[in-house]
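J.: Here is a sequence together with a model predicted from it:
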Amino acid sequence: MAKVTREMVEKSGVNVDQLVELLVKNAAAELTTYYYYTILRVNLIGLEGEGLKEIAETARIEDRNHFEALFPRIYELGGKLPGNMKDFHDISACPPASLPKDPTDIKAMLTVLVNAERCAVRGYTHICNLTAGKDHRTYDLALSILNEEIEHESWFSEFLGEGPSGHFLRRGETSPFVSKFLK
């Protein structure tokens, strides 16, 4: 634990225990989403599914990166990850992005994907609101993740026909906002 780090965040008025709990729950959401997106991506087959595969893969890899970027901050603030993976799964800030009953129903698949991203957008917006002007490092991390989650939501929402977002799939690069936390 970085004692001065925790002390400074506490002195700024942030409830560090609450913040750590939110970070752990969002880290759980990222890792479980990575897992569930693996299953979803494998099932994106056929003419319609193949068009989504690359986007789902980018979101999947970036969710893993989000987990990798979050857990050091959890420990810096004196928190820790649960020792049991099942417990970790069950405290996820977002519900499981489970494969729909009919995995050939691309609209149902897209609904699962977009709902997972919308949950993440809400979670990171909340963390940003709690830490803005108070905990600069956590704010920067949450904002970086939020930027990528907004893009993920936009990609899937466009496929659902909800309108254009102005966002484009990244080519050859993943986690452009979060990559600075992975070095």
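T.: Now that the structure is in, tell me what you want to look at.
J.: Now for the chain: which helix has the highest residue count?
T.: The longest helix of the chain (DSSP state H) is helix 46-76.
J.: list the buried ones in the one helix or strand Trp155 maps to?
T.: Per DSSP states H and E, Trp155 falls inside helix 136-159. Within helix 136-159, the residues that count as buried by 16 or more other C-beta atoms under 10 Å are 137-146, 148-159. C-beta coordinates here come from the backbone N, C-alpha and C atoms, glycine included.
J.: Then stretch 115-129?
T.: For stretch 115-129, by 16+ other C-beta under 10 Å, it's 116-121, 123-124, 127-128.
J.: what's the offset of that stretch from the middle of its chain?
T.: Its chain's C-alpha centre and that of stretch 115-129 lie 8 Å apart, by C-alpha atoms, centre = their mean, to the nearest Å.
J.: Could you check the angle the helix holding Trp155 makes with helix 46-76?
T.: 170 degrees (axes from the mean of the first three to the mean of the last three C-alpha atoms, to 10 degrees).
J.: Show me how far helix 136-159 is from its chain's centre.
T.: For helix 136-159, the distance to the chain centre is 8 Å (C-alpha atoms, centre = their mean).
J.: I'd like to know which elements it is packed against.
T.: helix 46-76, helix 106-131 (3 or more C-beta pairs under 8 Å, 6 or more residues apart in numbering; DSSP states H and E).
J.: Make a markdown table from the buried residues of stretch 115-129 and add pLDDT to it.
T.: What follows is those, written out as a markdown table (pLDDT from 0 to 100):
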| residue | pLDDT |
| --- | --- |
| Ala116 | 98 |
| Glu117 | 98 |
| Arg118 | 98 |
| Cys119 | 98 |
| Ala120 | 98 |
| Val121 | 98 |
| Gly123 | 98 |
| Tyr124 | 98 |
| Ile127 | 98 |
| Cys128 | 98 |
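J.: Pick out whichever of these sits closest to Ile39.
T.: The nearest member of these to Ile39, counting by C-beta to C-beta, is Ala116 at 12.3 Å.
J.: I'd say that closest one and Thr33 touch.
T.: Yes. In terms of C-beta atoms under 8 Å, Ala116 counts as a neighbour of Thr33; the distance is 5.6 Å.
J.: I am finished for the moment; much appreciated.
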